[in-house]
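[1] what's the 3D shape of this:
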Amino acid sequence: MSPSRTPLLASFPLLLLLTALPALAANHSVTVGPGTSFSPSTLNIQAGDTVTWTNAGGFHDVNADNGSFNSGGPSSSAWVFSHTFNSAGNFGYFCQVHGSPTAGMRGVVNVTGGASGDNPGTLGFSLAAYSVNEGAGTATITVQRTGGDDGAVSVQYAVANGTATSGSDYNATSGTLNWADGDDNNETFTVTIRNDTAVEGNETFTVHLANPTGGASLNAQRTSATVTIQDNDSSNPGGAPAAPTVLTAAGQSPSEIQLSWTDNSNNETEFRIERRTLTGAYQQIATVGANVTSFAVSSGLTAGTQYIFRVRAANASGASAYSNEAGAATRVTPAPCVEGPNALCLNNDRFEVKVAWKSSADQGLGSAVPIPSAPDSGLFYFFNAANIELLIKVLNACPLNERFWVFYAATTNVQLTITVTDTQTGVVKVYFNPLNQTAAPVTDINAFATCP
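    Residues are numbered from 1 along each chain as shown. Model (predicted):
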């Protein structure tokens, strides 16, 4: 994946917004690679300065420890990525292939000036993609303030054409969102959606943020978002309905998972809900009526287990395509973590980690190897103690983005099911790697929203 690039924008309000960006005080350069280091690894700059990273060779990227900037994913191309630091503070970053927030290939940018000692937070869209039915009237877009709420801050927003056109599919919109000192509530704005009778398929436009004030920074991964307008006009009104989208799943208790989705059809008579386990086949478990967009799955579930769901609309003419898949684990009853031969207790014994593995010839539970000198981390082996298969850690990043992070790396291609349980709340996260697929490293900086 190459670093993200700003698209050509057609919306006049957005062009005005972007041209209002202030001039940069200075630009500092960091060379990435060709080995496994940043050069220089430490930069001392002023608030308002920009840092530009240039890949000189190797499979690398740049990720902020607090998630406030990201180069777009690891790449071996000669990529260039820049970020402007508008507030004082120490901003660590790392390559997610060769480093982490605590070790390996990492660097730090020390910013002075501006609101020293304050933490005004990071601003970004709540989702990377939104969806709205053409007949809904408006699309509501949410912007979040995370990682701090010191001081009054603001950010400007604007809308730009995609395949949808301002004036015919939606109304051009721009403005400013404001937060008071100590305010970390979500802010929203609406975009008017124009309903017509043309059969034109689904269309998109984009929303963008720029010009944060008060020392706030922008979340590099959420400065823009795509909004899909789901066409509600059909050349065959009596045909099968349109597929639902934006299916989400969330564990609510040891025996319940809540589903929600977007209804994109105006002629369905029911929605059919299907479920599978990580390695099982889909089975239909329920139907709900027309215009229903949520369902609480409360039967046939086992505590602490991951399930995958999909939904489709149907009527007398047939069924739609399936929605996206969405997965979630049921919770467990909170109980103290008990370390054992197959269980690690990490981060002050709050998080229990277990691993189930399966090869083409055998299966079992991973043998846990605690690391007394690094109580947030641990190891697992499957076949013998001399052959470590997995390193995993759970980090307390509550001061950064109000989350506990889960990072792991495995040197294997066996099937893995990694279960991480917050024993204080009962929330469970499950990570899965299929058999005969080399396990990719995972850096989940949104794993547990269970602070403190």
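[2] going forward, measure contacts between C-alpha atoms and count neighbours the same way
    Fine.
[3] Is F85 in contact with T52, as I believe?
    No. Between F85 and T52 there is no contact under Cα atoms under 8 Å: 11.2 Å.
[4] Compare the two and say which is more crowded by neighbours.
    Neighbours around F85 and T52, counted as other Cα atoms under 10 Å, are more numerous at F85. The numbers are 24 against 14.
[5] V143 is in contact with T122, isn't it?
    No. In this structure, V143 is not within contact of T122 by Cα under 8 Å, at 10.2 Å.
[6] Which residue ranges of this protein form helices?
    Using DSSP state H, the helices of the chain run over residues 12-19, 398-401.
[7] comparing the ones you listed, which gets the lowest mean pLDDT score?
    In terms of mean pLDDT, the lowest-scoring of the helices of the chain is helix 12-19 (a mean of 42).
[8] in the stretch 151-300 of the chain, which segments are predicted with low confidence?
    For the stretch 151-300 of the chain, residues meeting the criterion pLDDT under 70 lie at 199-200, 232-238.
[9] again, only this time at 50
    Residue ranges of the stretch 151-300 of the chain with pLDDT under 50: 235-236.
[10] hey, C-alpha coordinates of stretch 79-97 in CSV?
    Taking C-alpha atoms only, stretch 79-97 is exported to CSV below (Å, rounded to 0.1, in the frame of the first residue of the first chain):
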residue,chain,number,x,y,z
TRP,A,79,7.2,7.2,-0.9
VAL,A,80,7.1,10.6,0.8
PHE,A,81,4.9,11.5,3.7
SER,A,82,4.5,14.9,5.5
HIS,A,83,2.8,15.9,8.7
THR,A,84,2.4,19.4,10.3
PHE,A,85,2.7,19.6,14.1
ASN,A,86,0.5,22.4,15.4
SER,A,87,0.8,21.8,19.2
ALA,A,88,3.6,21.3,21.7
GLY,A,89,4.4,17.9,23.0
ASN,A,90,6.5,14.8,22.4
PHE,A,91,5.2,12.7,19.5
GLY,A,92,6.6,9.2,19.1
TYR,A,93,6.2,7.1,16.0
PHE,A,94,7.2,3.8,14.6
CYS,A,95,7.3,1.5,11.6
GLN,A,96,4.6,-1.2,12.1
VAL,A,97,6.7,-3.8,10.3
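[11] Tell me the buried residues in that stretch?
    79-89, 91-97 (16 or more other Cα atoms under 10 Å).
[12] Settle it for me: which of V143 and T122 has more neighbours?
    The neighbour count for V143 versus T122, taken as other Cα under 10 Å, is higher for T122 (25 against 21).
[13] what about the strands in the stretch 151-300 of the chain?
    With DSSP state E, counting those that start in this stretch as the criterion, the stretch 151-300 of the chain has strands at 153-161, 174-179, 187-192, 203-213, 217-218, 224-230, 245-253, 256-262, 270-276, 283-289, 294-297.
[14] deepest of those, which one?
    The highest mean neighbour count among these, using mean count of other Cα atoms under 10 Å, belongs to strand 217-218: a mean of 26.
[15] what lines up beside that one in the sheet?
    strand 122-125 (parallel) (DSSP bridges).
[16] could you give me the average pLDDT of the strand it pairs with?
    91.
[17] what's the answer for stretch 427-437, then?
    Computed over stretch 427-437, the average pLDDT equals 94.
[18] Could you do stretch 402-422 as well?
    96.
[19] and it, how far apart are its ends?
    By Cα to Cα, to the nearest Å, the extent of stretch 402-422 from end to end equals 15 Å.
[20] What of stretch 128-139?
    End-to-end distance (Cα to Cα), stretch 128-139: 14 Å.
[21] So which bits of that stretch are buried?
    Buried, per 16+ other Cα under 10 Å, within stretch 128-139: A129, Y130, S131, V132, N133, E134, G135, T138, A139.
[22] Check stretch 373-388 too.
    Residues P375, D376, S377, G378, L379, F380, Y381, F382, I388 are the ones in stretch 373-388 that count as buried (16+ other Cα under 10 Å).
[23] I'd like the residues you listed laid out as JSON lines, including distance to L177 and pLDDT.
    JSON lines is the format used below for the buried residues of stretch 373-388 (distance: Cα to Cα, whole Å; pLDDT from 0 to 100):
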{"residue": "P375", "distance to L177": "42", "pLDDT": "96"}
{"residue": "D376", "distance to L177": "38", "pLDDT": "97"}
{"residue": "S377", "distance to L177": "40", "pLDDT": "97"}
{"residue": "G378", "distance to L177": "43", "pLDDT": "97"}
{"residue": "L379", "distance to L177": "46", "pLDDT": "98"}
{"residue": "F380", "distance to L177": "47", "pLDDT": "98"}
{"residue": "Y381", "distance to L177": "51", "pLDDT": "97"}
{"residue": "F382", "distance to L177": "52", "pLDDT": "96"}
{"residue": "I388", "distance to L177": "50", "pLDDT": "96"}
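[24] Now render those residues as CSV, adding distance to Q363.
    Formatted as CSV, those follow (distance: Cα to Cα, whole Å):
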residue, distance to Q363
P375, 28
D376, 27
S377, 24
G378, 21
L379, 18
F380, 14
Y381, 13
F382, 9
I388, 16
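[25] Name the nearest of the residues you listed relative to G67.
    D376 (20.0 Å; Cα to Cα).
[26] tell me the contacts of the residue nearest to P370 when sequence neighbours are not counted?
    Spatial nearest neighbour of P370, chain neighbours left out: G378 (5.0 Å); criterion: Cα to Cα, 6 or more residues apart in numbering. Neighbouring residues of G378 by Cα atoms under 8 Å, 6 or more residues apart in numbering: L344, L346, A368, V369, P370, I371, L391, I392, K393.
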